[in-house]
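# fold the following and give me the result.
(chains A and B)
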Number of protein chains: 2
Amino acid sequence: MAAKTSYPFCVEPQEVDFTMRITLSALGGNVLNIAGVDAHSKGFGVDTLNKDNFSWVLSRIAFEFDFRPREYVRYEIATWISDYGRMLSTRNFTLTDQSGITFGRVVSQWCMIDLSRRTAVDLRAVAEQHNDAVVAEPSPAERPRKVPSIDMPPVLTHRVAYSDIDFNRHVNTMRYIELMLDVLPVERFEQERPMRLDINFLKESRYGETLFVSFEERESETLVEIRNDAGAAICRGAFEWR
Amino acid sequence: MAAKTSYPFCVEPQEVDFTMRITLSALGGNVLNIAGVDAHSKGFGVDTLNKDNFSWVLSRIAFEFDFRPREYVRYEIATWISDYGRMLSTRNFTLTDQSGITFGRVVSQWCMIDLSRRTAVDLRAVAEQHNDAVVAEPSPAERPRKVPSIDMPPVLTHRVAYSDIDFNRHVNTMRYIELMLDVLPVERFEQERPMRLDINFLKESRYGETLFVSFEERESETLVEIRNDAGAAICRGAFEWR
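I've put the predicted structure just below:
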């Protein structure tokens, strides 16, 4: 029977914002990097899959943070796969600080694609390694929700450049999170407030494309949408302020 | 007598570009983070200085890279202060990969400022800790050069947002390096070619300002300049292709 795996972290000076607390994008980046490291160490990482010309693609993710730890605080990210179906594998995370408080919960859903055909791969193709990695513990938060579309004028325009793209020449996930944070009123980050962020990844974005970011404030929620020059939605995010 | 201090690294998947080699901005970011960690461990880090309302400010830096290591390669960053004057302290770095090849050399010059008066502080104020840290070994490369100004139309415009700023609400150094890389023709990164990058930091840039990036190709050199909306130069970089 598999067990959760935990990875140690410390809030580095370059990860904090002007409140001296770690940014959501740094936390999100560390979570995603751990997903890669953990899959790699268990034999179904991107490097192994690439031999078959397959790759993992993040479909949806939900982050819940009660607070953001301060500079130099030590914390741990624990991760495990709770289950998988034909199309989606569910990877979970909890973030616990040095005093033992679990301040973050993350649920992510991944699909596998065949890079040459650009089609989804049946996850039974990796069932063997995957079965060995499944831990019989449910997700620590509600699974990622579907984020509704909005129809608002863009408030931020960004041309995809070299520093935005990953090894696949697609915009990396952390940059999408940064673009979503960058349209929020900066005062949002001054308050310490529990929040949840659901993101749906709909389409890849490539070098040279222009991205348009719009947002809409609703009661206790802020919706964000990133579109490309053709008007197609690239990803949608919903911040819930608790 | 002080000795150089070395810090272990490994090229992480999120640090590579489409050539599967670590980006210059990731290397530069790791070098700058080590500067902070090393100063912190020796008692003259930003956190200690902040008690007197002082801070370190990077004035100039020169990077020389013979090549960029590939994903999962282990390397080490060694750092030492070679000397300091009344205004500038010189911190050096060498980067050596797991096979023992020194592929990078960095020379950086820092001044200390009084945050309340916005003036430079005489470095004799920290002479005691500083003397203990000085290592009698010269810089591993030519000291950072003065970069000439250019007069070219901007090819990239960027509004400073939340994700660009550090704890001081100023644009962080890594973002300047990214903006400089983002105006180069993307083919530059396809070739493995030894290079040197000199950067002069002239003025701070703040949240909400718009930055204009221009560049000029000269024989074996590319000059880049970042200006703000008032037309003032924020920083200048010179790439030398060897």
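# residue boundaries of the helices in chain A?
Along chain A, the segments classed as helices by DSSP state H run A:24-41, A:46-50, A:127-133, A:173-182.
# check which residues of the second one are buried.
Neighbour-count burial for helix A:46-50 flags A:46, A:49 (criterion: 16 or more other CB atoms under 10 Å in any protein chain shown). C-beta here means a position set from N, CA and C on the backbone, and glycine is covered the same way.
# and it, how far from the chain's centre?
Helix A:46-50 sits 19 Å away from the centroid of its parent chain (CA atoms, centre = their mean, to the nearest Å).
# packing partners for that helix?
helix A:24-41, strand A:54-65 (3 or more CB pairs under 8 Å, 6 or more residues apart in numbering or on different chains; DSSP states H and E).
# centroid residue for chain A?
A:I61 (5.2 Å; CA atoms, centre = their mean).
# relative to B:L181, which of the helices and strands packed on helix A:46-50 is closest?
Closest of the helices and strands packed on helix A:46-50 to B:L181 is helix A:24-41, at 18.9 Å (criterion: CB to CB).
# does that closest one come close to chain B?
Yes - on the criterion CB under 8 Å from any CB of the partner chain, helix A:24-41 is in touch with chain B at A:25, A:29, A:32-33, A:36, A:40.
# using CSV, write down the CA coordinates of that helix.
C-alpha atoms of helix A:24-41 as CSV (Å, rounded to 0.1, in the frame of the first residue of the first chain):
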residue,chain,number,x,y,z
LEU,A,24,0.0,32.5,-4.1
SER,A,25,2.0,32.0,-7.3
ALA,A,26,5.1,30.8,-5.3
LEU,A,27,2.9,28.4,-3.3
GLY,A,28,1.2,27.2,-6.5
GLY,A,29,4.6,26.8,-8.3
ASN,A,30,6.0,24.7,-5.4
VAL,A,31,2.9,22.5,-5.4
LEU,A,32,3.1,21.9,-9.2
ASN,A,33,6.9,21.2,-9.0
ILE,A,34,6.2,18.6,-6.3
ALA,A,35,3.6,17.0,-8.6
GLY,A,36,6.4,16.6,-11.2
VAL,A,37,9.0,15.4,-8.7
ASP,A,38,6.7,12.9,-7.1
ALA,A,39,5.5,11.4,-10.4
HIS,A,40,9.1,11.3,-11.6
SER,A,41,10.2,9.4,-8.5
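# need the residues of chain A near chain B, please.
A:12-14, A:16-18, A:20, A:23, A:25, A:29, A:32-33, A:36, A:40, A:46, A:71, A:156, A:159, A:161-163, A:165-169, A:172, A:174, A:178-179, A:181-182, A:184, A:186, A:189, A:207.
# could you redo the last one with a cut-off of 6 Å?
A:13-14, A:16, A:18, A:20, A:33, A:36, A:161-163, A:167, A:169, A:178, A:181-182, A:186 (CB under 6 Å from any CB of the partner chain).
# quick check: the two most widely separated of those?
Maximum distance among the residues of chain A next to chain B (CB to CB): 35.4 Å, for A:M20 and A:R169.
# the more surrounded of these two?
Each of A:M20 and A:R169 has its neighbours counted (other CB atoms under 10 Å in any protein chain shown); A:R169 has more, 16 against 13.
# confidence score at the more buried one?
We have a pLDDT of 88 for A:R169.
# hang on, it packs against B:F18?
Yes - contact between A:R169 and B:F18 holds when scored by CB atoms under 6 Å: they sit 5.0 Å apart.
# what's the helix-or-strand element of chain A with minimal mean pLDDT in contact with?
Lowest mean confidence among the helices and strands of chain A (mean pLDDT, DSSP states H and E): helix A:46-50, at a mean of 72. The set of residues external to helix A:46-50 that reach it, using CB atoms under 6 Å, 6 or more residues apart in numbering or on different chains, is A:55-56.
# any idea how far chain B is from A:F201?
16 Å (CB to the nearest CB, to the nearest Å).
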